[in-house]
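> Here is a sequence together with a model predicted from it:
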Amino acid sequence: MIGRIRKWKLSDAKDLASALSNTNIQDNLRDGLPFPYTEQDGAEFISAMLSADEKETFAFAITEDDKAIGSIGVFRQANIHRRTAELGYYIAEDYWGRGIMTEAVKQICAYVFEKSDIIRIYAEPFAYNAASCRVLEKAGFQYEGTLKNNAVKNGKVIDMKMYALLKENTKIDTKYDTMYNV
């Protein structure tokens, strides 16, 4: 079954904690997440996402058979970048390599472009994360360049890659109207 995105439920906190208490996941995310990640941490995150301004934060659970297996969000930027948004995501390791994340990225981008005035969605995966870069490429994002020495992760200075998807270059696929349950 193909994954779907949907609004978070507080009952997803246990599944969220299970996914994020994995160093293979956390090594590919920005710092600041507790480790181990507890069910309480998950409940606090979900509460924050449910109470966030829906014109600024588009945050959803990635699900399979209605079980939360990951997280995806598009976050509006500010000031002169107010019609640009950053994409972030992860999926539980047991679900890697099945195409679920690519579909979730397509779903959220279709949703954001259809429901908001956002004109550009970008993502900045770590350069070493080839799987994440491939997800973006398969979802139609264009590689814009490498951001040299752009971050410090696990004590190492690393490069990041910049990918973007423009609304003007994106045909909104109406099949995704039935894919997201938000």
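Arrived safely, thanks for sending. Numbers count the residues shown, from 1 in each chain.
> which residues in this protein form strands?
Assigned by DSSP state E, the strands in the chain fall at 4-6, 57-64, 67-76, 84-91, 120-123, 142-153, 156-166.
> Relative to residue 27, which of those is closest?
With respect to residue 27, and counting by CB to CB, the nearest of the strands of the chain is strand 142-153 at 7.3 Å. No exception for glycine: its C-beta is placed from N, CA and C like everyone else's.
> What ranges in the chain fall below the confidence cut-off?
Residue ranges of the chain with pLDDT under 70: 1, 171-182.
> residue nearest the centroid of it?
Residue closest to the average C-alpha location in the chain (CA atoms, centre = their mean): residue 89, at 2.4 Å.
> Tally up the residues packed near the closest residue to that one other than its chain neighbours, please.
Excluding its sequence neighbours, the residue lying closest to residue 89 (CB to CB, 6 or more residues apart in numbering) is residue 72, at 4.2 Å. By other CB atoms under 10 Å, 22 other residues sit near residue 72.
> these two touch, right, residue 72 and residue 60?
Yes: if you go by CB atoms under 8 Å, residue 72 and residue 60 touch, sitting 5.6 Å apart.
> which residues do those two both contact?
With contacts taken as CB atoms under 8 Å, 6 or more residues apart in numbering, residue 72 and residue 60 have 5, 108 as neighbours in common.
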